[in-house]
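Colleague: Coordinates for the following, if possible.
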Amino acid sequence: MRIDKYLWCVRYYKTRNMVTEACKKNHVTVNGIVAKPSKEVFPTDKITFRKDQITQIITVLDIPENRVGAKLVDIYRRNDTPAEVYQHLELLKLSKEHYRKNGTGRPTKKDRRDIDEFGNEIHEDEED
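Modeller: Model prediction:
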């Protein structure tokens with residue numbers, strides 16, 4: 001089965017076109033070799049690809065006939081991605097929550113006072 005069809009079948013990408021674009025940008029490798037979208041995959045192949053700021057590593061266990069349901073994906077692949085990668089992603093999400101949300105506009109007077117007050121507290125602590 002082609003690599004683009006396989007990654008689509010095991011639900012890593014929403015469309016085959018997205019997989020094709022990832023292959024063209026050299027984000028997908030099979031057994032350490034950069035893969036074109038038409039690259040054939042077989043059981044025991046290791047696929048590495050970058051998606052959503054994570055480098056995913058999977059091992060092909062079996063080839064599906066068609067796109068499979070989310071509950072059946074584990075029959076066809078084994079996820080070998082280290083747990084530290086997922087922990088790093090959680091830290092990125094938490095750090096983004098710290099900042100203001102997009103579309104909230106400029107800070108209000110109250111926001112500005114809170115920011116200034118927070119800054120003053122930091123400077124007072126340094127002087128002590």
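Colleague: how far away is the one residue sitting closest to the centre of the chain from Leu89?
Modeller: Per CA atoms, centre = their mean, the C-alpha nearest to the average position across the chain is that of Asp52, at 2.6 Å. The spacing between Asp52 and Leu89, counted by CB to CB, to the nearest Å, is 8 Å. C-beta here means a position set from N, CA and C on the backbone, and glycine is covered the same way.
Colleague: Could you do Pro37 as well?
Modeller: Counting by CB to CB, the gap from Pro37 to Leu89 is 26 Å.
Colleague: okay, those two: which has more neighbours?
Modeller: Each of Pro37 and Leu89 has its neighbours counted (other CB atoms under 10 Å); Pro37 has more, 18 against 13.
Colleague: which regions of this structure lie under the pLDDT threshold?
Modeller: 96-103, 121-128 (pLDDT under 70).
Colleague: Strands of that one, residue ranges please.
Modeller: Applying DSSP state E to the chain gives strands spanning 28-30, 33-34, 46-51, 54-60, 77-79.
Colleague: Provide the strand pairings for the last one, with the direction of each partner.
Modeller: Strand 77-79 has these partner strands in its sheet, going by DSSP bridges: strand 54-60 (antiparallel).
Colleague: quick one: contacts of the strand it pairs with?
Modeller: 6, 10, 12, 41-50, 76-82, 85-86, 89 (CB atoms under 8 Å, 6 or more residues apart in numbering).
Colleague: Next, the angle strand 46-51 makes with that strand.
Modeller: Orientation check (axes from the mean of the first three to the mean of the last three CA atoms, to 10 degrees): strand 54-60 against strand 46-51 gives 150 degrees.
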